[in-house]
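Q: next input, structure requested:
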Amino acid sequence: MAERRWSARDCHEFFEQRPWDSVLKFYQLVVNGQIGLRDLRIEHNEKFEDRCLETKQQDEDKSLPIVDRSKERGGRWERRTFKIVLSYSGTAFAGWQKQPGFLTVQSVLEKQLGRFVDGKRASNLEKQGKIKEALVSVAGRTDKGVHACGQVCSFYTWMRECKEEDVKSAVNSAMPTILRAVSASEVDRDFHPIFSAKWRRYIYIFPLRSRDEIDVSKVATLLRGLEGHSLSYAIFARDTKIARSSGPATVCTLYHARAALAKLPVPNEENVMVVELVADRFLRKMVRVLVSTAIKEAFAGANDDALVALMEETDRRASAPPAPAHGLCLAEVGYGNSQARDCLLRHCQHIVKNTKV
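A: Here you go, the predicted model:
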């Protein structure tokens, strides 16, 4: 029998009043490189036969073009582009995007990478009496509180003596405990973190007071119904117009949407629910609203296609308010083919075998 659906206030109280400290501690260890997301102790069922998750770029190599410097070219072709994979603690920053008076990931990076700015840009900044700061592009601007262990950004320089290890060292010397360059590599000058990306992968960790507090199998079934469909997720977005004839499209394709029980690899091994989503793109706050709405609908005993049915709604009050930002982590940005073996939740016992995709 269906239960009463929660109000926005009910949702806020349920999401906020729980043991988040262990989740934050886990993410801090991930950011520092002491452990990884794969250290989560997820309950698997190896008998579950998973479908292979594939994007449309099936024949594309996951690696980026290798830069060949054996044939140097002059002029504008001397510009060099570096790709940086970042890990950072979201609770330490006011989001990614630079904002006057606030500590953001972009502001720290552009200042640190300013040492590699030269040429015309350096001259212009000097004439304007401004400090040298690099121009950094990013795959996805994370909100305040959202963590990352696979964020991708890039910047360019004309300095021939700039090396990959120099770039990595410059980033890692800024705020060692909360911001880390996982890798830095020179890529083809046509590379762009946003436009070259084929998919993004997010992980949401939701702490549980007890193992049976949430029907994780129901949450998993609700999310699984979104897999393989290209749908408008406007109802699950925030800070954007729900109906619009111009601006960015609201249609996204979810390649992978799963949920499972797990234990954190920290003292006391707290029970958590882990949600993993992979899509070609995500709208503003879309992941957090999907997670909260799936939990809300699970408690209400909704039909298995409840999330798909919500796509027809025009009032965002039909979906739940966003789940807390500090449970979310940008795990990876992909620049090629994505398969199920790359995902964290592949053989989860809480996923029904005959769920239609």
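
Q: so after the helix ranked longest in the chain, what's the next helix or strand?
A: Longest helix in the chain, counting residues (DSSP state H): helix 286-299. Counting by DSSP states H and E, the next helix or strand C-terminal to helix 286-299 is helix 306-309.

Q: what residues does that following helix touch?
A: With contact meaning C-beta atoms under 8 Å, 6 or more residues apart in numbering, helix 306-309 is reached by 222-223, 225-226, 229, 231, 290, 293-294, 297, 303. Every C-beta, even on glycine, is put in place using the N, C-alpha and C of the backbone.

Q: so for it, what gets flagged as buried?
A: 306-307 (16 or more other C-beta atoms under 10 Å).

Q: so where's this structure uncertain?
A: In the predicted model of the chain, residues 1-4, 44-77, 119-123, 125-127, 129-130, 240-248, 337-341, 347-357 satisfy pLDDT under 70.

Q: quick one: strands adjacent to the strand or helix carrying Leu254?
A: Leu254 belongs to strand 251-263 when assigned by DSSP H and E. Next to strand 251-263 in the sheet, as set by DSSP bridges, lie strand 41-42 (antiparallel), strand 230-232 (antiparallel), strand 271-279 (antiparallel).

Q: doesn't Val266 make contact with Leu40?
A: No - Leu40 lies out of contact with Val266 (C-beta atoms under 8 Å); the separation is 10.3 Å.

Q: now the angle between helix 286-299 and the strand holding Leu254, please.
A: Taking axes from the mean of the first three to the mean of the last three C-alpha atoms, to 10 degrees, strand 251-263 and helix 286-299 form an angle of 60 degrees between their directions.

Q: let's see strand 251-263 as CSV, backbone CA atoms only.
A: Extracted C-alpha coordinates of strand 251-263, given in CSV (Å, rounded to 0.1, in the frame of the first residue of the first chain):
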residue,chain,number,x,y,z
VAL,A,251,17.6,16.0,-23.0
CYS,A,252,20.1,13.7,-21.5
THR,A,253,20.9,10.0,-22.1
LEU,A,254,21.5,7.9,-19.0
TYR,A,255,23.8,4.9,-19.9
HIS,A,256,24.0,3.6,-16.4
ALA,A,257,21.8,4.2,-13.3
ARG,A,258,22.3,1.9,-10.3
ALA,A,259,22.0,1.8,-6.5
ALA,A,260,23.4,-0.7,-3.9
LEU,A,261,24.1,-1.2,-0.2
ALA,A,262,27.7,-0.8,0.9
LYS,A,263,29.9,-0.2,3.9
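
Q: before we move on, the earlier item: out of the strands paired with strand 251-263, deepest packed?
A: strand 271-279 (a mean of 25; mean count of other C-beta atoms under 10 Å).

Q: and it, how far out from the chain's middle?
A: Chain-centre distance of strand 271-279: 11 Å, with C-alpha atoms, centre = their mean, to the nearest Å.

Q: common neighbours of Leu40 and Val266, please.
A: Counting by C-beta under 8 Å, 6+ apart, the residues touching both Leu40 and Val266 are Phe26.

Q: quick check: buried residues in the strand holding Leu254?
A: For strand 251-263, a neighbour-count test (16+ other C-beta under 10 Å) marks 252-263 as buried.

Q: ok, Lys111 to Ile194 distance?
A: According to C-beta to C-beta, to the nearest Å, Lys111 and Ile194 sit 22 Å apart.

Q: got it, and Gly150?
A: 15 Å.

Q: which one's more surrounded, these two?
A: Taking other C-beta atoms under 10 Å, Gly150 and Ile194 do not tie; Gly150 has more neighbours (20 against 14).

Q: so that one: helix, strand or coil?
A: Assigned with DSSP: H, G, I helix; E, B strand; the rest coil, Gly150 falls in the strand class.

Q: OK, contacts around it?
A: Each residue near Gly150 by C-beta under 8 Å, 6+ apart is listed here: 85-87, 182, 201, 330-333.

Q: so which of the residues you listed are in strands?
A: Cross-referencing the contacts of Gly150 against strands under DSSP state E gives 85-87, 182, 201, 330-333.

Q: export the residues you listed to TSV and tack on neighbour count?
A: Output for these, formatted as TSV (neighbours: other C-beta atoms under 10 Å):
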residue	neighbour count
Val85	20
Leu86	24
Ser87	21
Val182	18
Arg201	22
Leu330	26
Ala331	23
Glu332	23
Val333	22
